[in-house]
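Undergrad: Can you look at this prediction? I've put the sequence above it.
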Amino acid sequence: MSGENDKVKSAFEIAMERVQKLGSLSDEEKRKLKEEELGPAGKALADRYLSGLPLRDLDIELGRHAEADRSAVRRYAVSHLLEAIDLGNTQEDDRILSAIEHLSGDSGLVGRIKDILKDYRKAIEEARQKNWGRLEAAERNELAIRGVSGSAVEPAVEASAEWLQIRSDLDLDFLKRLADARGNANRP
Amino acid sequence: MNIVDRFYAYLWPGVTTREMQVYGNNCNSYLVANALPKNKHVLVDPGMVTNEARQKCLERLIAGMAKDGFRIEDVGVILNTHAHPDHYGASEEIRKRSGAQVAIGKGDDDFLKLADGEAAQMLKQMGFEMPEIHPDFYLTEGELRLGPDLAARIILTPGHSQGHIAIYWPDSKVFMGGDLIFYGSTGRVDIPGGSARALKESIEMVAQLDIEYILTGHQYGSPGIIKGKDEIKRNFESIRANIYPYL
């Protein structure tokens, strides 16, 4: 048994100690703490946009927050939207980038990401032109060995192991570039 | 059961109301025996693994094939007439057991992938479970050659679904129509991708073919096989008179 002088603190006492510590936080620390509390609000706004909230309604939703809080909510929403950018989904990416530009006002960032996505699409197209004919011939040959041929047959080249590897290698490369652009954007 | 030549039918029960209640929904499946090298078979529209009535559809198909001396492990190619789960659902399970290649109409695969699979999502919201399918090749309009001596014509027959295909075997005058036409009726057109106008156009095009056997997708209250030119002609006439006005 521990000594009788050791006191087991109640949850209330622990909470009160923490509150007292808060009183000793600097203004800067208090501001940061407040900002972190707004993280979920920014994420929620981004999620609503990703689920279909129109661009024009972003300002309406932001307006529901206190003026002092809006800047933080914007920043967190932008951060979350940046994470949602996907290499392969052009239509959705364009929509996300519109929201990022609207919320952040940073057309430079949006421009950099658009360049990465454009380079990615170009790289895919070049890989396709370079490899598709060969891969299709190989798939047709494989099907012919199995007894399947004819003008009605179109091999699913995009599902072939070699094409999937080509895509995977390209994706890795461009995902890194995207991550770098996001990382630079998130720095103060 | 053998229909003609190397064509075998495995019909899902549903001729009577009682059968439909007990057995639930699944499609008719058809086997083209020994069509491929090493005596592998072609299976058309494998149906589901299990259905909404908890019937073990795939096991029933396997048992039916076994009665005719065929093994599921010897299926070399699976052809799907369209991307509705009651037709293609067991494809990947059969592939696991047999190593079969899987095919589906290009139009229907495109439709399912449209807008990141929104079409498939719509079907799910209508209550359809959508098993995965990973086609090895697609079917487009043209000639399908199988093995050294068998040829079929793949015909695009939209209406029930956007990319619905039918398979016509001219040497045996066999037509596998999927859900295009049934005995006295047609496939429904109210599922996303369906079109009444396209269905009618497809039916009229098919009515010009020289067919002795129509192998239908379902026995919805009627036999699944329509046999003989006269019976087939009467069926088309009946559909025009009784079904077209409602499409």
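TA: That came through fine.
Undergrad: only C-alpha atoms for contact and neighbour calcs from this point on.
TA: OK.
Undergrad: Rounded mean pLDDT for the helix ranked longest in chain B, please.
TA: Criterion DSSP state H: the longest helix present in chain B is helix B:106-125. The predicted model assigns helix B:106-125 a mean pLDDT of 74.
Undergrad: Report the buried residues of it.
TA: B:106, B:107, B:108, B:109, B:111, B:112, B:119, B:120, B:121, B:123 (16 or more other C-alpha atoms under 10 Å in any protein chain shown).
Undergrad: What about residue B:70, how many residues nearby?
TA: For residue B:70, the count of nearby residues is 18 (other C-alpha atoms under 10 Å in any protein chain shown).
Undergrad: Is it in a helix, a strand, or coil?
TA: Secondary structure, DSSP: H, G, I helix; E, B strand; the rest coil: residue B:70 is coil.
Undergrad: Show the pLDDT at it.
TA: As predicted, residue B:70 sits at a pLDDT of 98.
Undergrad: cool, and the one 3 residues further on?
TA: pLDDT, the model's per-residue confidence, is 98 for residue B:73.
Undergrad: Could you check how far it is from residue B:97?
TA: Residue B:73 is 6 Å from residue B:97, where distance means C-alpha to C-alpha, to the nearest Å.
Undergrad: out of these two, which sits in the busier spot?
TA: residue B:73 (16 against 12).
Undergrad: Wait, residue B:220 touches residue B:12, no?
TA: No: counting by C-alpha atoms under 8 Å, residue B:220 stays clear of residue B:12, with 9.6 Å between them.
Undergrad: Tally up the residues packed near residue A:27, please.
TA: 9.
Undergrad: what's the distance between residue B:108 and chain A?
TA: Per C-alpha to the nearest C-alpha, to the nearest Å, residue B:108 is found 13 Å from chain A.
Undergrad: That residue: what's it in contact with?
TA: If you count contacts by C-alpha atoms under 8 Å, 6 or more residues apart in numbering or on different chains, residue B:108 has them with B:82, B:83, B:161, B:162, B:163, B:164.
Undergrad: Grab the nearest non-local neighbour of the residue nearest to the spatial centre of chain A.
TA: Centroid-nearest residue in chain A, with C-alpha atoms, centre = their mean: residue A:83, separated by 1.2 Å. Excluding its sequence neighbours, the residue lying closest to residue A:83 (C-alpha to C-alpha, 6 or more residues apart in numbering or on different chains) is residue A:182, at 7.7 Å.
Undergrad: Now whatever helix or strand that neighbour lives in: average pLDDT?
TA: Using DSSP states H and E, residue A:182 falls within helix A:161-186. In this model, helix A:161-186 has a mean pLDDT of 87.
Undergrad: in it, what's buried?
TA: Under the neighbour-count criterion of 16+ other C-alpha under 10 Å, helix A:161-186 has A:163, A:167, A:171, A:174, A:175, A:177, A:178, A:181, A:182, A:185 buried.
Undergrad: Tell me the helices and strands packed up against that helix.
TA: On a contact count with 3 or more C-alpha pairs under 8 Å, 6 or more residues apart in numbering or on different chains; DSSP states H and E, helix A:161-186 meets helix A:67-84, helix A:107-145.
Undergrad: got the angle for that helix vs helix A:107-145?
TA: If you take axes from the mean of the first three to the mean of the last three C-alpha atoms, to 10 degrees, helix A:161-186 sits at 170 degrees to helix A:107-145.
Undergrad: so what's the closest residue to residue A:135 other than its chain neighbours scoring on pLDDT?
TA: Spatial nearest neighbour of residue A:135, excluding adjacent residues (C-alpha to C-alpha, 6+ apart): residue A:157 at 6.5 Å. For residue A:157, the pLDDT comes out at 95.
Undergrad: What is the neighbour count of residue A:157?
TA: A count of neighbours around residue A:157, defined by other C-alpha under 10 Å, yields 21.
Undergrad: ok, it - contacts?
TA: Residues near residue A:157 by C-alpha under 8 Å, 6+ apart: A:132, A:135, A:136, A:139, A:163.
Undergrad: got it, and residue B:221?
TA: Residue B:221 sits next to B:14, B:15, B:16, B:17, B:20 when contact means C-alpha under 8 Å, 6+ apart.
Undergrad: Next one: residue B:36 from chain A, what distance?
TA: Taking C-alpha to the nearest C-alpha, one finds residue B:36 at 5 Å from chain A.
Undergrad: Before we move on, what's the pLDDT of that residue?
TA: Residue B:36 is given a pLDDT of 97.
Undergrad: try the one 10 residues further on
TA: Residue B:46 is assigned a predicted lDDT (pLDDT) of 98.
Undergrad: ok, now the one 10 residues further on?
TA: At residue B:56, the predicted lDDT confidence score is 96.
Undergrad: That one: how many residues sit nearby?
TA: Neighbourhood size, residue B:56 [other C-alpha under 10 Å]: 14.
Undergrad: excluding its backbone neighbours, what's nearest it?
TA: Of all residues not flanking residue B:56 in the chain, residue B:50 sits nearest, at 4.6 Å (C-alpha to C-alpha, 6+ apart).
Undergrad: you'd agree residue B:61 is up against residue B:10?
TA: Yes: look at residue B:61 against residue B:10 with C-alpha under 8 Å: they come within range, at 6.5 Å.
Undergrad: shared neighbours of those two, anything?
TA: In contact with both residue B:61 and residue B:10: residue B:29, using C-alpha under 8 Å, 6+ apart.
Undergrad: Nearest spatial neighbour of residue B:224, chain-adjacent residues omitted?
TA: The nearest residue in space to residue B:224 (C-alpha to C-alpha, 6+ apart) is residue B:216, at 5.3 Å.
Undergrad: May I have the beta-bridge partners of that neighbour?
TA: residue B:178 (DSSP bridges).
Undergrad: ok, how many other residues are close to it?
TA: Residue B:216 has 28 neighbouring residues, counting by other C-alpha under 10 Å.
Undergrad: repeat for residue B:218
TA: Neighbours of residue B:218 (other C-alpha under 10 Å): 28.
Undergrad: which other residues reach stretch A:91-104?
TA: A:50, A:55, A:74-75, A:78, A:81-82, A:84-87, A:106-107, A:110.
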